[in-house]
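*Asks:* Please work out how this folds:
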Amino acid sequence: MIFRQPEPADMPLIRDSFWRAVMNTVPAARGVSRAFLVSMLDRCLASPQWQAVILCPDPETQDEIGGWAVWRSPTEILWVSVKPRYHGLGLGHALMEHIGAGPGPVYAPLIPSHLAARAARHGYQLRHRPFLALE
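*Replies:* Sure thing, here's the model as predicted:
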């Protein structure tokens, strides 16, 4: 695995996967427009307070994205995404380690309904902070 900074060519995948994942896994976001969600992501990516990383599962082909994350601090995370074909292979855990997140509270504006129990098994205590991306 290799971590790298997002490139402009990565942005369509990041925007689309963020929007689709939020709409499919965060019940509170249903009915929110794609434009609003993408603008929230773009605001974070444009801010020097926020960071983003791409995880490539194969160091030889850095154009294959296995997952990505956007965060402000190890306890303030906008989103962690892993492509479905890589689920269960530890990429999400690797992204969390790269961010510096450890067991304990993790604040996020959007929390997928299926993720809280899985995160708790790894010691993460997900806390909803709806306006984190706007602070």
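*Asks:* so where is this structure shaky, pLDDT-wise?
*Replies:* Counting by pLDDT under 70, not a single residue of the chain qualifies.
*Asks:* Distance from the chain centre to the helix ranked longest in the chain, please.
*Replies:* Criterion DSSP state H: the longest helix present in the chain is helix 11-25. Counting by C-alpha atoms, centre = their mean, to the nearest Å, helix 11-25 is centred 10 Å from the centre of its parent chain.
*Asks:* With stretch 34-52 instead?
*Replies:* 11 Å.
*Asks:* Just grab the bridge partners of the nearest residue to Glu76 once chain neighbours are set aside for me.
*Replies:* Leaving aside its chain neighbours, Glu76 sits nearest to Tyr107 (5.1 Å; criterion: C-beta to C-beta, 6 or more residues apart in numbering). Yep, even glycine has a C-beta here, placed from its N, CA and C like the rest. Tyr107 has the following beta-bridge partners by DSSP bridges: Glu76, Arg127.
*Asks:* what residues are up against Tyr107?
*Replies:* When contacts are counted by C-beta atoms under 8 Å, 6 or more residues apart in numbering, Tyr107 touches Thr75, Glu76, Ile77, Arg127, His128, Arg129, Leu132.
*Asks:* returning to what we had before: give the next helix or strand downstream of the longest helix of the chain.
*Replies:* helix 34-46 (DSSP states H and E).
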